[in-house]
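[1] build me a structure from this.
(chains A and B)
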Protein chains: 2
Amino acid sequence: MGMSQNPFYQKLQKNWSNGKLMCVGLDVDLAKFPKHLDAVTQIDMRILEFNRHIVEATHEYACAYKLNSAHYERIGLDGYSALKSTIEYIRAAHPDVLVILDAKRGDIGDTNEYYAEAVFDELGADVVTVHPYMGHESLEPFLRRADKGVIVMGANSAHGAGEIQDLIVGKASEPLYQYICRLVAEQWSSFGNCSVTAGADNPEKLREIRAVVGGMPILLLGLGTQGGDLEECIKAGAGKDTFGLIVNSSRAILYASDGMDYGDAAHVVARTMNEALKKAYEQR
Amino acid sequence: MGMSQNPFYQKLQKNWSNGKLMCVGLDVDLAKFPKHLDAVTQIDMRILEFNRHIVEATHEYACAYKLNSAHYERIGLDGYSALKSTIEYIRAAHPDVLVILDAKRGDIGDTNEYYAEAVFDELGADVVTVHPYMGHESLEPFLRRADKGVIVMGANSAHGAGEIQDLIVGKASEPLYQYICRLVAEQWSSFGNCSVTAGADNPEKLREIRAVVGGMPILLLGLGTQGGDLEECIKAGAGKDTFGLIVNSSRAILYASDGMDYGDAAHVVARTMNEALKKAYEQR
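    Next comes the predicted model:
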């Protein structure tokens, strides 16, 4: 798989080898929290309590936790505080599990320097998602952090994402998402710390992306909720000799129950998904 | 200029007509603050004090204040708090001046709903900058806020931004930035509340963008620091019958002096730039 000494790749490989295949998306939604958590009146503490419980219930199946910043930013100051304390908790309690901040940042170079500080130093994430639109020179402040990981937006499962991503570009006349994935694999990942995204709704695109990026890990988005088929995705997107996919699931795990048993319920769903993933990798 | 009833366009037009042509970028940098502000030991209060002083020194020349979120996120919880209190202050003290949150957000639709809440409802910004990569369907949560403004990334003055932005696409074989600006003008701005970006380093691109977007306001980035020429930009980018450009300047105004007189110094620079802008508009 061409794994370098980069901790992003190293930890992924180690967790995958140990049968921890799930990326659990900690997409907090206060309205979906179990009612008994209302007793925790401080919102930042309530979110931390929820996230800790989910992490403890799922970490034996998790290669990574993915926190989407929008879910925290909508809650304001308490959201920021909960985001930070959750990342601190995961890093302290489960240092081998990666923390991905799904922030989809992207600005000019000077400004990305500040985003890199915010995401890696201030919040303590291991990996960040970024937009490719301003080119790799602008992304250098993320890319040159060889101790961290950078996931570049490739293809997405969002409705209508093809409006821009499917535009045909370049000498090879390929869709933009494929062109970008090729750039990431061949040029942008000079520190060997990059990854790209693919949508679980389109195994064919995933297959094309795998062909372009070689052994690079791919973050698979939109499984379940957006109609992706697990086995098809593994067949299309697994690496040649190894696993290769960071398979994210959020709501199906987090909100498996809204009762006192939400941890147990999350555990069962994560285990079931993880077993299905193992089987799909074995049978590909 | 095709100004609708949208407050973003309305306020811009009114401020421009009243000779307030500058967009002041409140890019806070604690290391560049005047030394006497160290007496304010609480960081969030120190930033608010600095921003308030700059706003009071420059508002008579300002159509908008632009706050780039990276500059605040790098400071953590205090940065978030200062961002929020600064926006509250501007909206209360100078309700006719627009607040642009330069956050360059962009995710799938469900998630953009949360970003729209974060930016417009939680932080109270009037206008937000967004990435076009996932298409307009994903951007709907921003776009359908007819009482707010949405600035879509078109061209940027960043080194190497052309790597993706200049790719040739579409039936008209035009660069991607131009294709996106065309989409924004012809399709995405159905609520009449959109704008696009252009870099001050390239008047030719600015001219092309103006030709494509008609009377739509254009946010001009990178003037001064990134080598843009004011008069060339106004000639290339002004609207047919009106002003048309949101001309941003940050550091040249904010850090004109690091002494007790930083407000006076900011005032002089903002006034000088504003006069130069007026003259350039008159002489185009």
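
[2] which residues touch A:Val97?
    Applying CB atoms under 8 Å, 6 or more residues apart in numbering or on different chains, one finds that A:Val97 lies in contact with A:11, A:15, A:20, A:59, A:62-65, A:90. Glycine gets a C-beta too; all of them are placed from N, C-alpha and C.

[3] again, only this time at 6 Å
    A:59, A:62 (CB atoms under 6 Å, 6 or more residues apart in numbering or on different chains).

[4] could you do A:Trp188 as well?
    A:136, A:194.

[5] that's a strand at A:Ile247, yeah?
    For the record, residue A:247 is Val, not Ile. Yes - with DSSP: H, G, I helix; E, B strand; the rest coil as the criterion, A:Val247 is located in a strand.

[6] how close does it get to A:Ala236?
    In this view, A:Val247 and A:Ala236 are 12 Å apart by CB to CB, to the nearest Å.

[7] neighbour-wise, which of those two wins?
    When A:Val247 and A:Ala236 are compared for neighbours, A:Val247 comes out ahead with 26 against 23, by other CB atoms under 10 Å in any protein chain shown.

[8] find the nearest non-adjacent residue to the more buried one, please.
    On the basis of CB to CB, 6 or more residues apart in numbering or on different chains, the spatially nearest residue to A:Val247 that is not a chain neighbour turns out to be A:Leu220, at 5.0 Å.

[9] quick one: name whatever helix or strand follows the helix or strand hosting the one you found.
    Applying DSSP states H and E as the criterion places A:Leu220 in strand A:218-221. Per DSSP H and E, the first helix or strand lying C-terminal to strand A:218-221 is helix A:230-237.

[10] picking that back up, what about the residue nearest to A:Val247, how many neighbours?
    One way to gauge burial is a neighbour count; for A:Leu220, by other CB under 10 Å, it gives 25.

[11] okay, and the beta partners of it?
    A:Leu220 forms beta bridges with A:Ala198, A:Val247, as assigned by DSSP bridges.

[12] quick one: contacts for it?
    Counting by CB under 6 Å, 6+ apart, A:Leu220 has contacts A:198, A:200, A:245, A:247.

[13] could you dump the residues you listed to a markdown table with pLDDT?
    Below are the contacts of A:Leu220 laid out as a markdown table (pLDDT from 0 to 100):
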| residue | pLDDT |
| --- | --- |
| A:Ala198 | 97 |
| A:Ala200 | 93 |
| A:Leu245 | 97 |
| A:Val247 | 97 |
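
[14] and A:Thr41, helix, strand or coil?
    Looking at A:Thr41 with three-state DSSP, the answer is coil.

[15] for the residue of the stretch 1-150 of chain A found nearest chain B, phi and psi?
    The minimum distance from the stretch 1-150 of chain A to chain B, using CB to the nearest CB, falls at A:Glu137 (3.0 Å). Geometry field for A:Glu137 lists phi and psi as phi -60, psi -40, criterion degrees, to the nearest 10.

[16] can you give me how far stretch A:106-114 is from the chain middle?
    21 Å (CA atoms, centre = their mean, to the nearest Å).

[17] wondering if it reaches chain B at all.
    Yes - Stretch A:106-114 reaches chain B (CB under 6 Å from any CB of the partner chain) through A:106-108, A:111, A:114.

[18] most neighbours among those residues, which one?
    Neighbour counts for those were taken using other CB under 10 Å; the highest belongs to A:Asp107, which has 28 neighbours.

[19] ok, now which ones touch A:Leu98?
    Neighbouring residues of A:Leu98 by CB under 6 Å, 6+ apart: A:11, A:64, A:126-127.

[20] what distance do you get for the residue nearest in space to the middle of chain A to B:Leu167?
    With distances taken as CA atoms, centre = their mean, A:Lys66 lies nearest the centre of chain A, 4.8 Å away. Counting by CB to CB, the separation of A:Lys66 from B:Leu167 is 29 Å.

[21] and for A:Phe33?
    Distance from A:Phe33 to B:Leu167, counting by CB to CB: 44 Å.

[22] please apply the same query to A:Gln5.
    Counting by CB to CB, the gap between A:Gln5 and B:Leu167 amounts to 33 Å.

[23] is stretch A:73-91 in proximity to chain B?
    Yes - taking CB under 6 Å from any CB as the criterion, stretch A:73-91 and chain B are in contact, through A:73-74, A:76, A:80.

[24] in JSON lines: the residues you listed, plus neighbour count.
    Conversion of the residues of stretch A:73-91 next to chain B to JSON lines gives the following (neighbours: other CB atoms under 10 Å in any protein chain shown):
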{"residue": "A:Glu73", "neighbour count": "24"}
{"residue": "A:Arg74", "neighbour count": "21"}
{"residue": "A:Gly76", "neighbour count": "19"}
{"residue": "A:Tyr80", "neighbour count": "21"}
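
[25] got the end-to-end distance for stretch A:191-201?
    The distance separating the two terminal residues of stretch A:191-201, taken as CA to CA, to the nearest Å, comes to 30 Å.

[26] and that stretch, how far from the chain's centre?
    On the basis of CA atoms, centre = their mean, stretch A:191-201 sits 9 Å off its chain's mean C-alpha point.

[27] what about A:Thr129, how many neighbours?
    Neighbour tally, A:Thr129, other CB under 10 Å: 28.

[28] can the contacts of A:Leu220 go into a markdown table with extra columns for distance to A:Tyr177?
    As requested, the contacts of A:Leu220 are arranged in a markdown table below (distance: CB to CB, whole Å):
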| residue | distance to A:Tyr177 |
| --- | --- |
| A:Ala198 | 8 |
| A:Ala200 | 14 |
| A:Leu245 | 17 |
| A:Val247 | 19 |
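
[29] identify the farthest-apart pair in those residues.
    In those, two members sit farther apart than any others by CB to CB. They are A:Ala198 and A:Val247, at 10.6 Å.

[30] which ones are touching A:His59?
    Contact analysis of A:His59 by CB under 6 Å, 6+ apart lists A:94, A:97.

[31] pull the top helix by length along chain A out as PDB, backbone CA atoms only.
    If you go by DSSP state H, chain A has its longest helix at helix A:262-283. Taking C-alpha atoms only, helix A:262-283 is exported to PDB below (Å, rounded to 0.1, in the frame of the first residue of the first chain):
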ATOM      1  CA  TYR A 262     -27.900   4.400  23.400                       C
ATOM      2  CA  GLY A 263     -24.300   3.200  24.000                       C
ATOM      3  CA  ASP A 264     -25.300  -0.400  23.800                       C
ATOM      4  CA  ALA A 265     -27.300   0.200  20.700                       C
ATOM      5  CA  ALA A 266     -24.400   2.100  19.100                       C
ATOM      6  CA  HIS A 267     -22.100  -0.800  20.000                       C
ATOM      7  CA  VAL A 268     -24.300  -3.300  18.200                       C
ATOM      8  CA  VAL A 269     -24.600  -1.200  15.100                       C
ATOM      9  CA  ALA A 270     -20.900  -0.500  14.900                       C
ATOM     10  CA  ARG A 271     -20.000  -4.100  15.500                       C
ATOM     11  CA  THR A 272     -22.500  -5.300  12.800                       C
ATOM     12  CA  MET A 273     -21.200  -2.800  10.300                       C
ATOM     13  CA  ASN A 274     -17.600  -3.700  11.100                       C
ATOM     14  CA  GLU A 275     -18.400  -7.400  10.700                       C
ATOM     15  CA  ALA A 276     -20.100  -6.700   7.300                       C
ATOM     16  CA  LEU A 277     -17.000  -4.700   6.300                       C
ATOM     17  CA  LYS A 278     -14.600  -7.500   7.300                       C
ATOM     18  CA  LYS A 279     -16.700 -10.000   5.300                       C
ATOM     19  CA  ALA A 280     -16.900  -7.700   2.300                       C
ATOM     20  CA  TYR A 281     -13.100  -7.300   2.300                       C
ATOM     21  CA  GLU A 282     -12.600 -11.100   2.600                       C
ATOM     22  CA  GLN A 283     -15.000 -11.800  -0.200                       C
END
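
[32] centre of the chain to it, how far?
    The offset between the C-alpha centroid of helix A:262-283 and the centroid of the whole chain comes to 17 Å, using CA atoms, centre = their mean.

[33] for that helix, which positions count as buried?
    A:262-263, A:265-267, A:269-271, A:273-274, A:277, A:280-281 (16 or more other CB atoms under 10 Å in any protein chain shown).
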